[in-house]
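Visitor: Turn this into a structure:
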Amino acid sequence: MANAKKRKNAPAPTVRTGPSPDDPHDIVYFKRHVKDDPAQAEPGRDALRSWPTSVRAKANAVLIAVATAPPKRFAGGGYWEAMQGEMTGWFEVRIDGPKRHHYRLFCLLDYEAKEKETPLLVVVDGRDKPFRTTLNAADYAAVRSMGEEYLKRNPRSIG
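Guide: Predicted coordinates for the structure are as follows:
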């Protein structure tokens, strides 16, 4: 009788309907569909590959730490920051590199990608800039435009 009572009071199992922000995320790179470029550029990966080795290593370490934390539980420490204003909904990996230069990866979190059982940390684009300067409005608009391009396809275009 005691066992029957325990089962009766046990919480009902929860039914998962998709990826959760509490899950570790897969790191993926947005792949553009460029008509004149059969290689279909991957702006985030391409930027990362062009950076100094030490910066690439730090950026990859941050991406891995954030994705496994998962992102909402990662204490940014200045390396992973939620963006504001027109970039609300975006996240930025921030690395300071040699010769007083800043490197940035612009990322989205995706919980609605078809054919994916885990949430995605999507590296959309990367930019770099001299120390103590800001990216201009056109740079941010270009990043947002790529994010819109990424979100309009589902299944997602990722590499």
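Visitor: how about the helices in this structure?
Guide: Taking DSSP state H to define them, one finds helices in the chain at 2-9, 43-50, 53-68, 137-152.
Visitor: Columns mean pLDDT, mean neighbour count and distance to residue 32 on top of those, output as CSV?
Guide: Every C-beta, even on glycine, is put in place using the N, C-alpha and C of the backbone. Converted to CSV, the helices of the chain look like this (pLDDT from 0 to 100; neighbours: other CB atoms under 10 Å; distance: least, CB to CB, whole Å):
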stretch, mean pLDDT, mean neighbour count, distance to residue 32
helix 2-9, 57, 7, 53
helix 43-50, 97, 18, 7
helix 53-68, 97, 16, 20
helix 137-152, 97, 15, 7
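Visitor: Looking at those helices, which is nearest to residue 103?
Guide: With CB to CB, the closest approach to residue 103 among those belongs to helix 53-68: 5.0 Å.
Visitor: Between helix 43-50 and that closest one, find me the angle.
Guide: Taking axes from the mean of the first three to the mean of the last three CA atoms, to 10 degrees, one finds helix 53-68 and helix 43-50 inclined to each other by 140 degrees.
Visitor: Convert helix 53-68 to CSV, retaining C-alpha atoms only.
Guide: Extracted C-alpha coordinates of helix 53-68, given in CSV (Å, rounded to 0.1, in the frame of the first residue of the first chain):
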residue,chain,number,x,y,z
THR,A,53,45.8,32.4,-33.6
SER,A,54,45.5,33.6,-30.0
VAL,A,55,42.2,35.4,-30.7
ARG,A,56,40.8,32.3,-32.5
ALA,A,57,41.7,30.1,-29.6
LYS,A,58,40.1,32.4,-27.0
ALA,A,59,37.0,32.9,-29.1
ASN,A,60,36.6,29.1,-29.6
ALA,A,61,37.1,28.5,-25.9
VAL,A,62,34.4,31.1,-25.1
LEU,A,63,31.9,29.5,-27.6
ILE,A,64,32.5,26.1,-26.1
ALA,A,65,32.1,27.3,-22.5
VAL,A,66,28.9,29.2,-23.3
ALA,A,67,27.4,26.4,-25.3
THR,A,68,28.0,23.8,-22.6
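Visitor: thinking again about what came up before, which one of the helices of the chain lies closest to residue 89?
Guide: helix 137-152 (8.2 Å).
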